[in-house]
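S.K.: just to be clear, the model below is a prediction. Sequence and coordinates:
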Amino acid sequence: MLRSALDPRSVAVIGASDNPHKVGGRPILYMKRYGYRGAIYPVNPARTEVQGILAFRTLDATPEVPELAIIAVAGEEAVAAIHACAARGVKVAVVMASGFGETGAAGLRVEQAMVDTARRAGMRLLGPNCQGVANFATGTVANFSTIFHELEARDGPVAIVSQSGANSQAIYTLLHEKGLGVRHVHATGNEADVSVAELAEAVVADPGVRLLLLYMEAIKHPERLAAAAKAARQRKLPIVVLKAGRTASGQKAASSHTGALASEDRVVDAFLERHGIWRAADPHELVAAAELYLIGRQPRGKRLVVVSNSGASCVMAADYAEEKGIPLAPVSDNARDRLQKALPAFAAFANPIDVTGALLGNPQLLASVLPIVGEDRQSNLLLLAMPVAGTGYDVPRFAKDLAAFSTTFDQAVAVAAPQKSVRDQFAAAGVPTFASERVAMDALAQLAGHAALLQRPAIAARPARPPWLPIGGHRFLHEAESLEVLARAGLPVVEHRLCTTEEEVRDACAPPLVIKACSRDVPHKTEHGLVCVDPPDAIAEFKRQRDKVAALGASFEGVIIARKAAKARELALGARLDSQFGPVVMVGDGGVNLEALKDFRLLLPPFSESEVLEKLQQLRIAPLLAGWRGEAPADLLAFGRMAVLLGEAMLGWGGSVASVDINPVFVFETGKGALAVDALIERTL
């Protein structure tokens, strides 16, 4: 159906204007300018001709049913136009008018009624409050943006799909300044019906697109975005997204802008990573690596070599690499020996490699150094930093040498040079260029990081019966039930026993032990004094906890007597059912630190143990997990297995479990495993 938005056989413009600078006039001007080959039907009851094209008083008067209709009228007229399009059999309508869902409840009701009308007729709706779509391969420019007046469009390999019309123009402008052609520029506005995700899926199917850039304020239809990402991965088509609304303030602004529904940002990160989509922070970062992506190289590592004719650039590059965590590739002894023979004695032979100002008098130096770097097989990325070049420098030769190196050794390369004249000569040789070394290094690191995401093997969920859950209507399981559920799902849990009488407590006592009240109404026991380690009198402690729970007005299922575990690192493991993205698993610092420091990471199942270990390495406490001041490293592999099993259980429960809280998990030294010590499971009711 969305083919009718991108390549329609005919287009009606309702509210067509003879003035090409009005909303109802620009699409007609653009379609004529950019070679649209289908029929254009201006609809205007006051004119017989619009911009030299025969006009019609009503939509019903057009000689055929238009595939696409542009609704360039506002308010009630726009609503009436939707009804007319639905009755006529139009396949897609682009509603440019604002004043609907983004204004509040009343506008949202009108907007929903428009969608209902469209759906009953089998018609798709773009907008409202949108600038429209533009496909420069077909000349279908159902878009009123001014930018195509200012900057002549050039068909090319990049596609933009944006919720915001203004941001689509900003991204288009940045790409145009880089000299890159853009085929698709689509803005979805309020997304009452068609979303960025759906249009992304349609654009991915275009074989001429080699880079897809998205701007989103809410991820509507995440399953469609996941499908688009899967299809893109099969084509080796990278997707980079700018997802706004990271903060509470940003989410509030997004809601007032397009009526977008906010989602927790860390879950968004996990979703995008799960599907191999790179997330950018702003429009500049969104387009920064575009030229690198379009070269088509997918580095299989992140190790960078910096070559420069300036010692200062080498020092600053080394500083920035350490600051940003970009690994500098080592230089082998053999390569160092070869560099010493090729370069002046006062050059720097480690990485960064300083070829010195001698490059001015000896243009062969770069051609001598680059093969040594390539044959050393230590790096995946190369940055040539040239803070000064120009008259006297054989820049065309340098550009040819660097392009040949990239092809011969299949390495991603970039040039950083502040002089535009120098950058232009490298760009003419097909080498991506940047004015700043920092931006160039960030772009190379992004390319490599994105390639690593895309190279991850897909993890398939293991088919299994839904894990056991006790029968009952309670929202929360008590701790003993929760531990039993986890044990049946394969997770190791602490040795324990539920005791409901004094006699059972007496039989279970075998120090060292921990006694904890068991009540589904008191999920957090520590702050109520309902946890006791090695009590001097277990029976007295049982009575005290029973009386305390009664005083709280809570149910009392007994006490859990658990074996006191050996000293261990405390981590936390949890899961919850997200309303948009489904099951989400959390791994992080455990105990009382979790809520205070929020040192955790999220994953969307299914995932592998290695992905869990990667997330643990991103925690602030990561150095402690590896062993600190004589402490043994923690058995993170055992913890990773627990996380994988929990993710599989959440998938198996199919939405019947709302959340799982396992805190703490005792993680012993390497090889000695991990145990769930405390657990709380919440059903979905």
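M.R.: Thanks, I have the structure now.

S.K.: tell me how many other residues crowd the residue lying closest to G553 once chain neighbours are set aside.
M.R.: Leaving aside its sequence neighbours, G553 sits nearest to D521 (C-beta to C-beta, 6 or more residues apart in numbering; 8.0 Å). Where you see a C-beta, it was placed from the backbone N, CA and C, and this is true even at glycine. By other C-beta atoms under 10 Å, the residues close to D521 number 14.

S.K.: E150 versus D521, what's the distance?
M.R.: Noted for D521: a distance of 64 Å to E150, by C-beta to C-beta, to the nearest Å.

S.K.: could you list the low-pLDDT ranges of the protein?
M.R.: Regions of the chain meeting the criterion pLDDT under 70 cover residues 246-263, 463-464.

S.K.: show the backbone phi and psi for the residue positioned nearest the centre of the chain.
M.R.: Centroid check for the chain by C-alpha atoms, centre = their mean gives L272 as the closest residue, at 3.0 Å. The phi/psi pair for L272 (degrees, to the nearest 10) reads phi -60, psi -40.

S.K.: can you check Q455 too?
M.R.: With angles defined as degrees, to the nearest 10, Q455 sits at phi -90, psi -10.

S.K.: show me what contacts it?
M.R.: Counting by C-beta atoms under 8 Å, 6 or more residues apart in numbering, Q455 touches 298, 300.

S.K.: which positions in the strand or helix carrying E481 come out as buried?
M.R.: Per DSSP states H and E: E481 is located in helix 479-488. Residues 479-487 are the ones in helix 479-488 that count as buried (16 or more other C-beta atoms under 10 Å).

S.K.: likewise stretch 510-523?
M.R.: 513-520, 522.

S.K.: give me phi/psi at the residue of the chain positioned farthest from its centre?
M.R.: Relative to the centre of the chain, the most outlying C-alpha is that of E503, 55.9 Å out, by C-alpha atoms, centre = their mean. Torsion angles at E503 (phi, psi; degrees, to the nearest 10) stand at phi -60, psi -40.

S.K.: could you shift the numbering so residue one becomes 10, and keep it that way?
M.R.: All right, first residue 10 from here; so that's E512.

S.K.: now do it against G305, distance only.
M.R.: 74 Å.

S.K.: next: P673.
M.R.: Distance, P673 to G305, using C-beta to C-beta: 47 Å.

S.K.: what about those two, which has more around it?
M.R.: Between P673 and G305, counted using other C-beta under 10 Å, P673 has the larger neighbour count: 22 against 11.

S.K.: doesn't that one lie inside a strand?
M.R.: Yes. Applying DSSP: H, G, I helix; E, B strand; the rest coil, one finds P673 inside a strand.

S.K.: roughly how far does it sit from A584?
M.R.: Note on P673: its distance to A584, by C-beta to C-beta, is 16 Å.

S.K.: next one: D516
M.R.: D516 is 34 Å from A584, by C-beta to C-beta.

S.K.: cool, and S13?
M.R.: Counting by C-beta to C-beta - S13 and A584 are separated by 42 Å.

S.K.: what do you get for E200?
M.R.: For E200, the distance to A584 (C-beta to C-beta) stands at 29 Å.

S.K.: residues near L660, how many?
M.R.: Neighbours of L660 (other C-beta under 10 Å): 19.

S.K.: how about the contacts made by it?
M.R.: By C-beta under 8 Å, 6+ apart, L660 lies in contact with 470, 592, 614-615.

S.K.: just the buried members of the residues you listed?
M.R.: For the contacts of L660, a burial check counting by 16+ other C-beta under 10 Å picks out 592, 614-615.

S.K.: which ones among those map onto strands?
M.R.: Judged by DSSP state E, these include P592 as members of strands.

S.K.: hmm, back to that, what's the closest of the buried residues of stretch 519-532 to I91?
M.R.: Using C-beta to C-beta, R529 comes nearest to I91 of the buried residues of stretch 519-532, at 51.2 Å.

S.K.: contacting residues for the closest residue to the closest one other than its chain neighbours?
M.R.: The shortest distance from R529 to any non-neighbouring residue, by C-beta to C-beta, 6+ apart, is to H487 (4.1 Å). Counting by C-beta under 8 Å, 6+ apart, H487 makes contact with 527-529, 566.

S.K.: so can I have JSON lines of the contacts of L660 showing distance to G108?
M.R.: Output for those, formatted as JSON lines (distance: C-beta to C-beta, whole Å):
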{"residue": "A470", "distance to G108": "45"}
{"residue": "P592", "distance to G108": "39"}
{"residue": "P614", "distance to G108": "42"}
{"residue": "P615", "distance to G108": "44"}
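
S.K.: what is the nearest of those to T67?
M.R.: Ranked by distance to T67 (C-beta to C-beta), the contacts of L660 are led by P592 at 51.5 Å.

S.K.: from A253, how far off is that closest one?
M.R.: Taking C-beta to C-beta, one finds P592 at 25 Å from A253.

S.K.: can you check D403 too?
M.R.: Applying C-beta to C-beta to D403 and A253 gives a distance of 45 Å.

S.K.: can you give me the strands in the stretch 310-459 of the chain?
M.R.: For the stretch 310-459 of the chain, the strands defined by DSSP state E, counting those that start in this stretch cover 313-317, 362-363, 390-394, 421-425, 442-443.

S.K.: mean neighbour count and distance to G116 added to the ones you listed, as a markdown table?
M.R.: Below are the strands of the stretch 310-459 of the chain laid out as a markdown table (neighbours: other C-beta atoms under 10 Å; distance: least, C-beta to C-beta, whole Å):
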| stretch | mean neighbour count | distance to G116 |
| --- | --- | --- |
| strand 313-317 | 26 | 51 |
| strand 362-363 | 24 | 61 |
| strand 390-394 | 26 | 49 |
| strand 421-425 | 26 | 47 |
| strand 442-443 | 24 | 44 |
